[in-house]
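Asks: Everything below, folded, please.
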Amino acid sequence: MRCRRCREGWPRALLRFEIDRDFYEIDKPFSVSIGKWPRLSLSHPHNFRGMAEMIGNVTWLGLADVMLRSGTVAILMLLVAHLLFRLGRGSVVTAALVFCVTGIVEAAINVSPEVVDLDLSELTIMSLQQIHFVALWIFVKVLFDDRFKWGPRCFVPLIFAVPLTMGAALLPGLGGTIFRGLLVAYDVGLFIVLIRWALTDEASDLVSARRTFRRALAFSVPPFSLVVFLTTLFERDGQLTSILCTSYSAVYFLMAIGFGFWMTSAKKQMLLRPEPGEPRAAQEAELTAADRIELDRVIKAVDGGLYLEPGLTIGGLGDLLAIPEHRLRRLINKGLGYRNFAAFVNDYRIEEAKRRLADPKMAREQIVSHAFSLGYASLAPFNRAFRERVGISPTEYREQVLSDAVTGTSLAS
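Replies: Below is the predicted model:
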């Protein structure tokens, strides 16, 4: 819209706020069909009267879209305040903050341009959307990986997202269509990875609230990715159809409600976990006397060599000890401070591996033989678990320890 009284100053213009259709000019023919509103520019106070007339022609579908997006933004802003002022610092909190802030931007910029013209280029909109998807990817990675460390690997998805986004936004005709399809496929691929993370380690996860989030993520991401796919597939000349745009807003709003409820109800210990290298914090105060008796049984059984059983699961350990699985999860989590059953078993196995590798009588034993005898199905997970805890490979550790032993013996003689 172009104001015809631009020569008047702001104070005088604001005082003369009578509704007059001839007061401004509309760039294109006015249409009352679904989602077809006149574009509004707020560059001058005169144009506020255009907003007054526009409100009178709001459709139910357009109003629902704006209300849903406003609700999403409000929820995410409250979550940002909760994370900043109630939880403090930590990898999970940092990733959650980035996810919420990018989510606010995502909810605001994807409103149909026929409702509110933000005057943003398609490249800007698509880039901000991809940043939000990558922020979700990083948040899930940080949340589910207790040994997560910030590094260049966290931003690997951007390596592929940047060229695909630029091609989809800048190339005309068939080229842009192809890149848009590739970008949609890439986003769906990211969502599939998220679902895989959510389901792969669910059985060994000892944190109840996090297991709930795993299941919620697995069930909520598919419909969300489907809506994203459809809104992009049926996009015409950079403008979303009203029905798909409102559907996107509805799904996003429901996910914001669920995410907000989970974040505010989750215990602080789950989000502020110990950083790598810090001791685990047990919560024995939450255990009863009966719990402590059962926990003592668990520790004695594992110390006796149960951790050497190949393919040992928490369900299998519960069957051997006649302890229900849900209670066993709580005992190990609250009593010993472990957040993952695999980490609990691996700590025992790696300590035994260090003892065996330091034994001169087993100096000729192959590393793979140690891996199998310790309960690992292959060499790779053994090497990975050993390096995570010791910092070097089993071969390097054995060479170092045995060399020190030989040097010490020589000096003593």
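Asks: Check the offset of the helix or strand that contains Leu78 from the chain's centre.
Replies: Here Leu78, judged by DSSP states H and E, is contained in helix 60-82. Relative to the chain's own centre, helix 60-82 is displaced by 20 Å; criterion: Cα atoms, centre = their mean, to the nearest Å.
Asks: And this structure, what are its domain boundaries?
Replies: Domain assignment for the chain, taken from automatic domain parsing, gives 2-56, 60-271, 284-412.
Asks: Make TSV out of these and add mean pLDDT.
Replies: Formatted as TSV, the domains of the chain follow (pLDDT from 0 to 100):
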stretch	mean pLDDT
domain 2-56	42
domain 60-271	80
domain 284-412	88
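Asks: Of those domains, flag the one that's most buried.
Replies: domain 60-271 (a mean of 17; mean count of other Cβ atoms under 10 Å). The C-beta positions use only the backbone N, C-alpha and C, and glycine is treated the same way.
Asks: so Val302 touches Tyr348, yeah?
Replies: Yes: using Cβ atoms under 8 Å, Val302 makes contact with Tyr348 at a distance of 6.1 Å.
Asks: So which elements touch the helix holding Leu78?
Replies: Counting contacts by 3 or more Cβ pairs under 8 Å, 6 or more residues apart in numbering; DSSP states H and E, helix 60-82 packs against helix 91-109, helix 242-265.
Asks: Of all these, which one is nearest Arg387?
Replies: For Arg387, the closest of the helices and strands packed on helix 60-82 is helix 91-109, at 20.2 Å, according to Cβ to Cβ.
Asks: Just after the closest one, pick out the following helix or strand.
Replies: Following helix 91-109 in sequence, per DSSP H and E, is helix 122-144.
Asks: C-alpha coordinates for that next one, PDB please?
Replies: Taking C-alpha atoms only, helix 122-144 is exported to PDB below (Å, rounded to 0.1, in the frame of the first residue of the first chain):
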ATOM      1  CA  GLU A 122      12.400 -16.800  -0.100                       C
ATOM      2  CA  LEU A 123      16.100 -17.500   0.600                       C
ATOM      3  CA  THR A 124      15.800 -15.800   4.000                       C
ATOM      4  CA  ILE A 125      12.600 -17.700   4.900                       C
ATOM      5  CA  MET A 126      14.000 -21.100   3.800                       C
ATOM      6  CA  SER A 127      17.300 -20.500   5.500                       C
ATOM      7  CA  LEU A 128      15.700 -19.700   8.900                       C
ATOM      8  CA  GLN A 129      13.500 -22.700   8.500                       C
ATOM      9  CA  GLN A 130      16.500 -25.000   8.000                       C
ATOM     10  CA  ILE A 131      18.300 -23.500  10.900                       C
ATOM     11  CA  HIS A 132      15.400 -24.400  13.100                       C
ATOM     12  CA  PHE A 133      15.400 -28.000  11.800                       C
ATOM     13  CA  VAL A 134      19.200 -28.300  12.500                       C
ATOM     14  CA  ALA A 135      18.600 -26.800  16.000                       C
ATOM     15  CA  LEU A 136      16.000 -29.600  16.600                       C
ATOM     16  CA  TRP A 137      18.600 -32.200  15.400                       C
ATOM     17  CA  ILE A 138      21.200 -30.800  17.800                       C
ATOM     18  CA  PHE A 139      18.800 -30.600  20.700                       C
ATOM     19  CA  VAL A 140      17.800 -34.300  20.300                       C
ATOM     20  CA  LYS A 141      21.400 -35.300  19.900                       C
ATOM     21  CA  VAL A 142      22.400 -33.500  23.100                       C
ATOM     22  CA  LEU A 143      19.500 -34.800  25.100                       C
ATOM     23  CA  PHE A 144      19.900 -38.500  24.200                       C
END
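Asks: I'd like the helices and strands packed on helix 60-82 as CSV, with distance to Glu388 appended.
Replies: Formatted as CSV, the helices and strands packed on helix 60-82 follow (distance: least, Cβ to Cβ, whole Å):
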stretch, distance to Glu388
helix 91-109, 16
helix 242-265, 28
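Asks: And for stretch 91-107, what's in contact with it?
Replies: Applying Cβ atoms under 8 Å, 6 or more residues apart in numbering, the contact partners of stretch 91-107 are 69, 72-73, 76-77, 79-80, 83-84, 87, 128-129, 131-132, 135-136, 138-139, 141-143, 148, 150, 249, 252, 256, 263, 271-273, 275.
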